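*Asks:* how does the following fold in three dimensions:
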Amino acid sequence: MRNLFTFLFRYRGALVFVLLEVISVFLLLRNSSYQRAAFFNSANEYTGQMLALRTQVYDYFRLLDVNRALVAENADLREQLYPTTLSRREAPVLPVSQDSITQARLQAKGRPDSLLLGMRNLPVADPEYPLTPARVISNTLQRVDNYLTLNVGNREGIKPGMGVIAASGVVGRVKVVSEHYATVTSLLHSKTTISAKILRDGTFGSIKWLGDDPKHALLDYIPRQNKLMRGDTIVTSGYNAVFPEGVMIGTIDGFRQEPDKNFWTVQVRLATDFSNLTYVYVVGSRSQAERDTLAVHAGIKPEGATR
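*Replies:* Reported below is the predicted structural model:
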């Protein structure tokens, strides 16, 4: 203890200087939106580089598992693409090498230029919802507010607010973008809400995560007079233009009536396995910016503005 006090006394000038510098930077970032944005963009870039390096090392040691998955997928794709008529033999083939792990399936039967993402056929060249493949280089599950980092950024046309989906379903929404990387607010985030509907009867609700189980979420605002069934499919509604309508979110795993509420408490088993995300797609939206601008002019806060 005496040595500690001696050290602090000897270097008191330098320690006070460092403390004041930290306080100054904190106040600068807190009170200047420009400096705060510049800081977080730079931090996102450096963090992305470190995570990308870590992912490269990790991928090297799991090449055997990747190769096994590729072999299984190639066998499945070959089975789908075997031609039975001359017209199908001449159909173009869409390469899916960048999504081999999550296995975004080719729609060979009449839709050779589309991918099956979250139970929804999405054209790769869809003018309304263009797709950008991305690699997940960082992903958290244990926190109340979870994020992902992707290896795409401004250079690939990624912008904050874009949706992110995998072959199995909805993943989240882009929050911050640097030149080469993007940070995504996961569906497993306390402030993430997604406009959804029950596929069977079209009833609209809202999906949000309760912060505990990464395999389940809550479907809110379903009126008590609605008849629910276990196994009902929950998909995106398309209301907020971030996600195309009909993309898989999950299935109803249970529901109950609360005595003081007019809505069901519905537990949804998420379709996306967040513990095993490797490749995803960033979904652009041609109409989102226009709809957000119209909402602002009307005095309405755009949906997802704080998410």
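*Asks:* residue ranges of the helices in this structure, please?
*Replies:* 2-10, 12-31, 33-61, 63-81, 86-89, 288-297 (DSSP state H).
*Asks:* mean pLDDT lowest where, among these?
*Replies:* The stretch with the lowest average pLDDT out of those is helix 86-89, scoring a mean of 34.
*Asks:* so who does residue 209 touch?
*Replies:* For residue 209, the residues meeting the contact criterion (Cβ atoms under 8 Å, 6 or more residues apart in numbering) are 187-190, 192, 217-218. Just so you know, the C-beta spots here come from the backbone N, C-alpha and C atoms, and that holds for glycine as well.
*Asks:* measure it to residue 248 for me?
*Replies:* 16 Å (Cβ to Cβ, to the nearest Å).
*Asks:* do the same with residue 211
*Replies:* 22 Å.
*Asks:* likewise residue 133?
*Replies:* With Cβ to Cβ as the criterion, residue 133 and residue 248 are 18 Å apart.
*Asks:* higher neighbour count, these two?
*Replies:* Neighbours around residue 133 and residue 248, counted as other Cβ atoms under 10 Å, are more numerous at residue 248. The numbers are 24 against 20.
*Asks:* what pairs with that one across the strands?
*Replies:* Residue 248 forms beta bridges with residue 235, as assigned by DSSP bridges.
*Asks:* do residue 205 as well
*Replies:* Applying DSSP bridges to residue 205 gives these bridge partners: residue 196.
*Asks:* what is the neighbour count of residue 258?
*Replies:* As a burial measure, residue 258 scores 10 neighbours (other Cβ under 10 Å).
*Asks:* quick one: it from residue 285, how far?
*Replies:* The gap separating residue 258 from residue 285 is 35 Å, by Cβ to Cβ.
*Asks:* with residue 57 instead?
*Replies:* In this view, residue 57 and residue 285 are 35 Å apart by Cβ to Cβ.
*Asks:* more neighbours: which of those two?
*Replies:* For residue 57 against residue 285, the residue with the higher neighbour count under other Cβ under 10 Å is residue 285, and the figures read 21 against 8.
*Asks:* is it correct that the more buried one is in contact with residue 173?
*Replies:* No - shown here, residue 285 and residue 173 do not form a contact pair, counting by Cβ atoms under 8 Å, at 10.9 Å.
*Asks:* ok, how many other residues are close to residue 54?
*Replies:* Neighbouring residues of residue 54 were enumerated by other Cβ under 10 Å; the total is 12.
*Asks:* quick one, what contacts it?
*Replies:* Residue 54 is in contact with residue 137, counting by Cβ under 8 Å, 6+ apart.
*Asks:* go with 10 Å
*Replies:* Neighbour list for residue 54: 137-138 [criterion: Cβ atoms under 10 Å, 6 or more residues apart in numbering].
*Asks:* one more: residue 217?
*Replies:* 170, 187-188, 192-194, 196, 207-210, 234, 249-250, 253, 266-270.
*Asks:* type out the ChimeraX command that picks the buried ones from the residues you listed.
*Replies:* Command for ChimeraX, covering only those of those found buried under the criterion 16 or more other Cβ atoms under 10 Å:
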select :170,187,188,192,193,194,196,207,208,209,234,249,250,253,266,267,268,269,270
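*Asks:* show only the entries of the contacts of residue 217 found in strands.
*Replies:* Secondary structure of the contacts of residue 217 is defined by DSSP state E; positions in strands are 170, 187-188, 193-194, 196, 207-208, 234, 249-250, 253, 266-270.
*Asks:* residues shared between the contacts of residue 285 and residue 173?
*Replies:* Here residue 285 and residue 173 share the contacting residues 161-163, 240, 242-243, scored by Cβ under 10 Å, 6+ apart.
*Asks:* pop the domain breakdown of the protein in here.
*Replies:* According to the domain assignment given by automatic domain parsing, the chain is divided into the following structural domains: 2-61, 79-307.
*Asks:* in this protein, where is pLDDT below threshold?
*Replies:* Flagging of the chain using pLDDT under 70 yields the residue ranges 29, 33-42, 44, 64, 66-115, 123-127, 286-307.
*Asks:* find the nearest non-adjacent residue to residue 268, please.
*Replies:* Of all residues beyond its chain neighbours, the one nearest residue 268 is residue 250 (4.3 Å), with distances taken as Cβ to Cβ, 6 or more residues apart in numbering.
*Asks:* one more: residue 185?
*Replies:* Distance criterion Cβ to Cβ, 6+ apart; nearest residue to residue 185, sequence neighbours excluded, is residue 175 at 4.6 Å.
*Asks:* and that neighbour, how many neighbours does it have?
*Replies:* Residue neighbour count, defined by other Cβ under 10 Å, stands at 19 for residue 175.
*Asks:* go ahead and confirm it touches residue 163.
*Replies:* No - here residue 175 lies out of contact with residue 163, judged by Cβ atoms under 10 Å, at a distance of 11.8 Å.
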